[in-house]
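[1] Sequence and predicted structure are below.
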Amino acid sequence: MSGDASTGTFLQGLERGLAVIRAFSAETPSLTLSEVARDVGITPATARRILLTLEQLGYVRSDGRRFTLTPRVLALGWAYLSSLDLGDIAGPFMEELSAQTRESCSIATLDLPDIVYVARVPTRRIMTVALGVGARLPAYATSMGRVLLAGLPEDELTAYLSSAETEQLTEHTLTAPHDLREVIHQAGTDGYALVDQELELGLRSIAVPILDSRGRAAAALNVSAHASRSTKTALKTETLKPLQDCAEQISTALRQRGRI
């Protein structure tokens, strides 16, 4: 529990309400009252009060037995994204980068264990999964995830690597903690990360951090391409410099507006 609890500023009811919302996922899109209580670690009576409140507010619906989230939950994430003005500020720079490289580009932030897409300029479909603002991908297998993980304090990185549920997404995916630590550290040293068909066969991507006023990675910017169009060498020799220039332009624009 937060240290603020002792001062009376920690609202346990709010904490539990948010925990109930997070209990729903792609693996568990619908839950019974008892399942929510078990997963969140609260009593059935408390789970019932929270679920009924969320239902009255329009964030969940029920068929009488099972509960599911409603699209209204997206408004919570959109409030954060809108407050950043990231799409408006970064959009023109990303459009120019996409036109220059003729490839898709995206911005994501870190929300362990995933990255969350907050802006995207697509050119053509290169993944089997459709990506848009709000999409989530595993941080360990993505170029943006690795440059963001490289910015974590070492103890936080260790905690992440020890608890991350890694999956062999392709034959190229790195999953061992020591291997991931090595490539993440290398990304920190190089200032960029290149992932070659680890997330999906045929997909290569290269990413750089978008730095805040204190030089920390506030977000990441990437260019992704099909392996048949861009070699690893081409991404480093032809794409990396425009990518870095774009990230610096976005970082400067966001700092000037007091957003990071």
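    Sure, I can see it.
[2] Could you measure from the closest residue to P29 other than its chain neighbours over to G134?
    Nearest non-adjacent residue to P29, counting by CB to CB, 6 or more residues apart in numbering: T68, 5.9 Å away. For every residue, glycine as well, the C-beta is placed using N, CA and C. Noted for T68: a distance of 17 Å to G134, by CB to CB, to the nearest Å.
[3] my hunch is that the residue nearest to P29 is in a helix, does that hold up?
    No. Counting by DSSP: H, G, I helix; E, B strand; the rest coil, T68 is not part of a helix but strand.
[4] Could you tell me which residues make contact with it?
    For T68, the contact set (CB atoms under 8 Å, 6 or more residues apart in numbering) comprises 24, 29-31, 60-62.
[5] would you turn those into a markdown table with neighbour count, distance to E103 and pLDDT?
    Shown next, in a markdown table, are the contacts of T68 (neighbours: other CB atoms under 10 Å; distance: CB to CB, whole Å; pLDDT from 0 to 100):
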| residue | neighbour count | distance to E103 | pLDDT |
| --- | --- | --- | --- |
| F24 | 18 | 34 | 92 |
| P29 | 11 | 33 | 90 |
| S30 | 15 | 38 | 93 |
| L31 | 23 | 40 | 96 |
| V60 | 24 | 39 | 94 |
| R61 | 14 | 40 | 92 |
| S62 | 15 | 44 | 93 |
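[6] can you tell me which of those residues are in strands?
    Among those, the members falling in strands (DSSP state E) are 30-31, 60-62.
[7] pull the CA atoms of stretch 12-20 into CSV?
    The C-alpha trace of stretch 12-20 is given here as CSV (Å, rounded to 0.1, in the frame of the first residue of the first chain):
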residue,chain,number,x,y,z
GLN,A,12,-8.6,2.3,-0.9
GLY,A,13,-12.0,2.3,-2.6
LEU,A,14,-10.5,3.9,-5.6
GLU,A,15,-7.6,1.5,-5.6
ARG,A,16,-10.0,-1.4,-5.5
GLY,A,17,-12.2,0.0,-8.2
LEU,A,18,-9.2,0.4,-10.6
ALA,A,19,-8.0,-3.1,-9.7
VAL,A,20,-11.4,-4.5,-10.7
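[8] Good, we can wrap up now.
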